[in-house]
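Undergrad: Structure, please.
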Amino acid sequence: MPELPEVEVTRRGFADRIAGGRIEAVRIGKPLRWALMVLPEALVGRQVREVRRRGKYLLIDLDRGILLLHLGMSGSLRFDAALPPPGPHDHFDLVTNRGTLRLNDPRRFGAVVYVEDESAPWAIKLLGGLGMEPLDEGFDLDAFHAGLRKRKTAVKQVLLAGDVVVGVGNIYASEALFQAGIRPTLSAARISRPRAAKLHAAVREILARAVEKGGSTLRDFSNVDGQNGYFQLEATVYGRAGEPCRVCATPIRLLRQGQRATYYCPNCQK
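TA: Model prediction:
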């Protein structure tokens with residue numbers, strides 16, 4: 001599933017290019033996870049102002065209204081002035097005079113939803129419960145620690161939940177916990193402020209580095225120009241079960257938490 005780094009890489013790939021563009025047509029293919037909530041032709045003539053990100057959602061601000069876009073489990077975007085005819089997995093085209101933004105989603109768990117503004121019911125439903133943005137200045141250590149202290153579940157599960165901090169997907173949670181020296185099964189409520197500070201810094205650093213590397217391509221993800229991400233190639237624990245830890249040489253272990261694979265070093269992480 002595309003996580004925060006992949007979504008941010010996607011945003012940066014087309015945001016400047018589409019800004020200022022006027023919508024000339026909207027094409028909808030097979031139904032996605034949620035309906036568009038507006039007639040496609042009602043968007044024609046509107047202008048794209050900017051593209052923002054909130055968690056794993058892209059917010060395409062128009063001169064009137066917002067398109068909320070989610071890549072789902074396997075979605076990816078392309079943006080180009082001359083795309084080929086849509087294929088069977090191309091389910092949404094936003095055609096502008098700057099180029100066409102196309103959503104390709106084989107599993108159709110992605111969505112594009114129109115709302116009038118961020119106070120609209122659908123915007124509140126999708127965005128209202130999201131936690132702090134880890135790459136923003138507002139990612140406050142005290143608030144992060146307070147959020148952890150309220151949760152008795154395993155810290156990795158808290159990171160994945162997205163209501164304390166957004167966008168720390170499975171691969172990045174494993175990597176951040178390793179860098180912070182925290183075992184993924186430890187109750188979040190038991191993490192001291194000094195250890196929370198290490199995790200806070202690790203989350204920010206891991207996600208920023210992943211964005212620099214173009215995200216991670218484990219199965220389907222590629223950016224708006226069709227290029228893969230490379231962060232997974234430098235992962236310290238993720239996907240390395242049985243291999244020696246790069247710090248202490250202890251074999252990396254694999255366990256399942258909430259049906260998700262967790263990788264950790266039993267010696268380095270306490």
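Undergrad: Could you break this protein into its assigned domains?
TA: 4-124, 141-264 (automatic domain parsing).
Undergrad: Report the distance from the longest helix belonging to the chain to the chain centre.
TA: In the chain, assigned by DSSP state H, the helix with the most residues is helix 193-212. Relative to its chain's centre, helix 193-212 lies at 16 Å (CA atoms, centre = their mean, to the nearest Å).
Undergrad: ok, and for that helix, which residues are buried?
TA: 195-200, 202-204, 206-207, 210-211 (16 or more other CB atoms under 10 Å). All C-beta atoms are positioned from the backbone trio N, CA, C, and that covers glycine.
Undergrad: and if you look at stretch 9-16?
TA: 9-11, 13-15.
Undergrad: Can I get that stretch in PDB, CA atoms only?
TA: Only the C-alpha atoms of stretch 9-16 are listed here, as PDB (Å, rounded to 0.1, in the frame of the first residue of the first chain):
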ATOM      1  CA  VAL A   9       6.700  11.700  -3.800                       C
ATOM      2  CA  THR A  10       3.600  11.500  -6.000                       C
ATOM      3  CA  ARG A  11       2.400  14.900  -4.900                       C
ATOM      4  CA  ARG A  12       5.800  16.500  -5.600                       C
ATOM      5  CA  GLY A  13       5.900  14.900  -9.000                       C
ATOM      6  CA  PHE A  14       2.900  16.700 -10.500                       C
ATOM      7  CA  ALA A  15       1.800  19.500  -8.100                       C
ATOM      8  CA  ASP A  16       3.800  22.300  -9.800                       C
END
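Undergrad: hmm, back to that, taking the buried residues of stretch 9-16 one by one, which sit in strands?
TA: In this view, those have no member that belongs to strands under DSSP state E.
Undergrad: Against which helices or strands is the longest helix of the chain packed?
TA: Where contact means 3 or more CB pairs under 8 Å, 6 or more residues apart in numbering; DSSP states H and E, helix 193-212 is packed against helix 4-18, helix 141-149, helix 170-180.
Undergrad: just those helices: most buried one?
TA: Using mean count of other CB atoms under 10 Å, the stretch among the helices and strands packed on helix 193-212 with the largest mean neighbour count is helix 170-180, at a mean of 25.
Undergrad: Determine how far that one lies from the middle of the whole chain.
TA: 15 Å.
Undergrad: quick one, it and helix 193-212 angle?
TA: For helix 170-180 against helix 193-212, the angle by axes from the mean of the first three to the mean of the last three CA atoms, to 10 degrees is 130 degrees.
Undergrad: Show the average pLDDT along helix 170-180.
TA: Averaged across helix 170-180, pLDDT comes to 95.
Undergrad: And stretch 259-270, by the same measure?
TA: Stretch 259-270 comes out at a mean pLDDT of 95.
Undergrad: Show me the shaky parts of this structure.
TA: The model of the chain has pLDDT under 70 over residues 1, 215-232.
Undergrad: hang on, the earlier thing: just so I know, which of the helices and strands packed on helix 193-212 lies nearest Leu127?
TA: Nearest to Leu127 among the helices and strands packed on helix 193-212 is helix 4-18; the distance by CB to CB comes to 13.5 Å.
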